[in-house]
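A.B. asks: pasting the structure only:
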């Protein structure tokens, strides 16, 4: 019996650059194939070819042993293939129902839309992904995690036989991730197949049947997940051994550099926390716990109803982001492409953005310093690009994240607030970012971090504040940290 999907020796050239140098994969009915590789390895290019968004330079694609030549995403969808990209595609001002059934809403006679039936069908699709919500809700009212679930429900509603998921858990917390895995297992029983792309290697052992590794546009190898070891996958991905992904923290934190006292606003109720020099403190909680809202109230993105911010024991006024920057408090947001970076601007313009006043003479930018400071940050952070004038949108996710960190490191912050420091970056870049955070600690910077990756929280944090329903539910120190302990506080036990 043949394979449900087979891609043979697929190559893709962009001008004189070979993005894919001959990659093959097979997928059977009811199978989950994990496709892994560092950013820039060629995963996205291969999936865009499968989705009909790109045309291969050479190679063959077979679905149910029939050769295909997809010239558009619509042709791929008609053959039962759906790609859910990391950057979601949705209509923010339309309802969940309208997003799920975009272009195919059920109709009554005379072409009128049957809204009752449409909402019923949308509710059924949402039930498949364990998302209970009124399907008439507008997309802009949802969190990133909820929008992701709507996108998956859209794929389920089309009865797709092959679903490609690109970093599907990047915006999901631990409980939501478990729910996603349950959904994948149910769909597998209905003979739906998945190509699962994720940098979170721990997930592969829970959800995948096989893992295939590509590197530098080439097929490296594959293995049954039952025979796979994490270190072997990493070695195949990066071409070298990573003995220790996380740094060994030996620094003792210094004096208290930052305090937030009795912060109240929106869901956040009377929260007090502090961070010492050279310390990484994490905020952990399930979706709706208030962790992100707390960071944004500290930074001045959201209005704070009560409470004060203190730096080195002195209260400072932070009513907006400009005042936060003035007091050398930096914020790395979770959605770098939306609120963190100017994607159409150069690396140089992004790096110096928070420091324009410092690097200007009157109204004129000091071009020499602009260039030298950008070059210094690119070298320090090992940002890979054609040059400092390259547009940020042209960079890999890992290099974009380094630019985002670089623009704030450049301003020499006292405190840096980081929401998801390694979202959507590969394992090699994660290790590099952890080293950057360690270096910042060595310089006396205090770091307040949110991460939905529990292994990251456990490995990096000196202390963890846990939030539940807008309030602090616990504080755990390094020697007390465990996944079970964090989850107990997070759910309010």
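C.D. replies: Nice, I can see it. What you see is a predicted model, and the numbers here were worked out from it, not measured in a lab.

A.B. asks: what stretches of the protein score poorly on pLDDT?
C.D. replies: Scanning the chain for pLDDT under 70 picks out the ranges 1, 39, 86-87, 171, 240-245, 248-249, 360, 362, 493.

A.B. asks: per the record, what domains does it have?
C.D. replies: Per the record, the chain has its domains at 5-238, 256-490, by automatic domain parsing.

A.B. asks: which one of these lies nearest to residue 247?
C.D. replies: Closest to residue 247 of those, according to C-beta to C-beta: domain 256-490, at 4.5 Å. Any C-beta I mention is one placed from the backbone N, CA and C, and that applies to glycine too.

A.B. asks: how about the domains of the chain in a markdown table, adding distance to residue 247 and mean neighbour count?
C.D. replies: Putting those into a markdown table (distance: least, C-beta to C-beta, whole Å; neighbours: other C-beta atoms under 10 Å) gives the following:
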| stretch | distance to residue 247 | mean neighbour count |
| --- | --- | --- |
| domain 5-238 | 16 | 18 |
| domain 256-490 | 5 | 19 |
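
A.B. asks: between these, which gets nearest to residue 246?
C.D. replies: domain 256-490 (3.9 Å).

A.B. asks: hmm, residue 306 is touching residue 260, no?
C.D. replies: No - under the criterion of C-beta atoms under 8 Å, residue 306 makes no contact with residue 260, lying 11.4 Å away.

A.B. asks: ok, back up a step: make TSV from the domains of the chain and add distance to residue 250 to it.
C.D. replies: Output for those, formatted as TSV (distance: least, C-beta to C-beta, whole Å):
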stretch	distance to residue 250
domain 5-238	24
domain 256-490	10
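
A.B. asks: so what's residue 322 up against?
C.D. replies: By C-beta atoms under 8 Å, 6 or more residues apart in numbering, the contact set of residue 322 is residue 300.

A.B. asks: residue 232 too?
C.D. replies: Taking C-beta under 8 Å, 6+ apart, we find residue 232 in contact with residue 223.

A.B. asks: at 10 Å what do you get?
C.D. replies: Neighbour list for residue 232: 211, 213, 221, 223, 241 [criterion: C-beta atoms under 10 Å, 6 or more residues apart in numbering].

A.B. asks: before we move on, what about residue 45?
C.D. replies: 10, 12, 14, 19-20, 23, 53-54, 56, 214, 217.

A.B. asks: helix or strand for it, just tell me which one.
C.D. replies: helix 43-51 (DSSP states H and E).

A.B. asks: could you do residue 484 as well?
C.D. replies: Using DSSP H and E, residue 484 falls within helix 483-490.

A.B. asks: quick one: contacts of that helix?
C.D. replies: Against helix 483-490 from outside (C-beta under 10 Å, 6+ apart): 173-175, 282, 284-286, 289, 291, 454-455, 457-458, 461, 464-468, 472-476, 480, 482, 493.

A.B. asks: is it correct that residue 142 is in contact with residue 135?
C.D. replies: No - using C-beta atoms under 10 Å, residue 142 and residue 135 do not qualify as a contacting pair, with a distance of 11.6 Å.

A.B. asks: between the two, which contacts overlap?
C.D. replies: Contacts common to residue 142 and residue 135, judged by C-beta under 10 Å, 6+ apart, are 96, 99, 150.

A.B. asks: identify the residues contacting the last one.
C.D. replies: It stands for residue 150. Taking C-beta under 10 Å, 6+ apart as the test, what residue 150 contacts is 88, 90, 96-97, 99-100, 122, 125-126, 129, 131, 133, 135, 137, 139, 142.

A.B. asks: now do the contacts for the one residue sitting closest to the centre of the chain.
C.D. replies: For the chain, residue 423 is the residue whose C-alpha lies nearest the centre (C-alpha atoms, centre = their mean; 3.4 Å). By C-beta under 10 Å, 6+ apart, residue 423 lies in contact with 86, 167, 170-171, 199, 334-336, 397, 401, 451-453.

A.B. asks: show me where the stretch 151-300 of the chain has helices.
C.D. replies: Secondary structure of the stretch 151-300 of the chain (DSSP state H, counting those that start in this stretch): helices at 174-189, 201-207, 230-238, 291-299.

A.B. asks: output the contacting helices and strands for the first one.
C.D. replies: Meaning helix 174-189. Judged by 3 or more C-beta pairs under 10 Å, 6 or more residues apart in numbering; DSSP states H and E, helix 174-189 is in contact with strand 32-36, helix 115-128, helix 144-157, strand 162-166, strand 193-197, helix 201-207, helix 483-490.

A.B. asks: again, only using 6 Å
C.D. replies: Packing partners of helix 174-189 (3 or more C-beta pairs under 6 Å, 6 or more residues apart in numbering; DSSP states H and E): helix 201-207.

A.B. asks: other residues contacting the helix it packs on?
C.D. replies: With contact meaning C-beta atoms under 6 Å, 6 or more residues apart in numbering, helix 201-207 is reached by 32, 34, 181, 184, 211, 230, 233.

A.B. asks: what's the closest of these to residue 442?
C.D. replies: residue 230 (28.3 Å).

A.B. asks: tell me the contacts of that closest one?
C.D. replies: Residue 230 neighbours (C-beta under 6 Å, 6+ apart): residue 201.

A.B. asks: and it, how far is that from residue 190?
C.D. replies: 30 Å (C-beta to C-beta, to the nearest Å).

A.B. asks: over to residue 22?
C.D. replies: Between residue 22 and residue 190 the distance is 33 Å, computed by C-beta to C-beta.
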